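Colleague: heads up, no residue letters with this:
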């Protein structure tokens, strides 16, 4: 899984870590969230941590306002991540929103990150990794 995160050469850290953190929230993977939220805050140093946490905890398919996320690409990644995580099939308008703001390779890399980290989060949750009860 490290290669998905470190060898996605055209995808910047902010959209990658936003997607990973959003997946962790949606799937209840606290362990994953704990490891990736600091990477997200490092990638978006001008966005307050409290704002990022509030955005990540919004209901699925909500489009964050411009005040919450600094650019349209991040908002498109947020919506795309929600679609892939919650319903697998991505609505055409959501796909086109991402495609209109990203190069083809970035779209592929966002898709790979979202798919891979959905796998990771489900694995962690199923095994109880990060659960206080399980870790004792």
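Modeller: Ah, there it is. The model shown is predicted, which means the values in this text are computed figures rather than measured ones. Residues are numbered from 1 along each chain as shown.

Colleague: going forward, measure contacts between C-alpha atoms and count neighbours the same way
Modeller: Will do.

Colleague: Helix, strand, or coil at residue 89?
Modeller: Secondary structure assignment for residue 89 (DSSP: H, G, I helix; E, B strand; the rest coil): coil.

Colleague: Kindly tell me how buried the nearest residue to residue 84 once chain neighbours are set aside is, as a neighbour count.
Modeller: Nearest residue to residue 84, sequence neighbours excluded (Cα to Cα, 6 or more residues apart in numbering): residue 90, at 5.9 Å. When counting by other Cα atoms under 10 Å, one arrives at 17 neighbours for residue 90.

Colleague: who's in contact with residue 90?
Modeller: For residue 90, the residues meeting the contact criterion (Cα atoms under 8 Å, 6 or more residues apart in numbering) are 80, 83-84.

Colleague: got the contact list for the spatially most central residue of the chain?
Modeller: Geometric centre of the chain, nearest residue: residue 19, 1.1 Å, by Cα atoms, centre = their mean. Taking Cα under 8 Å, 6+ apart as the criterion, residue 19 is in contact with 77-78, 81, 110, 113-114.

Colleague: Repeat that for residue 43.
Modeller: For residue 43, counting by Cα under 8 Å, 6+ apart, the contacting residues are 13-14, 17.
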